[in-house]
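# Coordinates for the following, if possible.
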Amino acid sequence: MSMLQEFKEFAVKGNVMDLAVGVIIGGAFGKIVDSVVGDLIMPLVGKVLGGLDFSSYYIPLSGQEYGLPLAEAKKAGAVFAYGNFVTVSLNFVILAFIIFIMVKQMNRLRRAEPPAEPAAPPEEVVLLREIRDSLKR
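Have a look, this model is predicted:
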């Protein structure tokens, strides 16, 4: 079998296609979570903490002045952008929690039915056991 034929069989297997769909949906879901954190949660957290915008917090490392917007500070040299790290970390925590809830629900739906009680043995087996037990006495 040629390498091209083997690759074709590998690429069209169900698991590979499922993985590809999962990656695409995961990327889109990641963008939704980024938007939820960046546009909804972080502004509320900033408002509660006195109008703070975490995404623009940084420490200049190349001697540039501190009051510049983050994009300009990055153009002027290296910066330690810890505020952006806080935002991305919060994105991760929210995404991990949502995935945890989804997996938990899927496991609950897939939970196996409890095994049914074993069926009663046939009448012949019951009679043979009675005979066996009476002979043992």
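# okay, now the nearest residue to Thr87 once chain neighbours are set aside: neighbour count?
Using CB to CB, 6 or more residues apart in numbering and skipping the chain neighbours, the partner closest in space to Thr87 is Ser55 (5.0 Å). Glycine gets a C-beta too; all of them are placed from N, C-alpha and C. By the measure other CB atoms under 10 Å, the count of residues near Ser55 is 18.
# mind checking which helix or strand the residue nearest the centre of the chain is in?
Nearest residue to the geometric centre of the chain (CA atoms, centre = their mean): Ile99, 3.5 Å. Element membership for Ile99 (DSSP states H and E) is helix 82-110.
# go on, Pro118?
Counting by DSSP H and E, Pro118 is part of no helix or strand.
# any idea of the mean pLDDT for the helix holding Ile99?
In this model, helix 82-110 has a mean pLDDT of 82.
# Could you check it and say which residues are buried?
Across helix 82-110, burial judged by 16 or more other CB atoms under 10 Å covers Gly83, Asn84, Thr87, Leu90, Asn91, Leu95.
# Touching, the third one and Ile41? I think so.
No. If you go by CB atoms under 8 Å, Thr87 and Ile41 don't touch, sitting 9.3 Å apart.
# Let's have the buried residues of helix 82-110 in TSV, adding distance to Val12.
Output for these, formatted as TSV (distance: CB to CB, whole Å):
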residue	distance to Val12
Gly83	45
Asn84	41
Thr87	40
Leu90	39
Asn91	34
Leu95	30
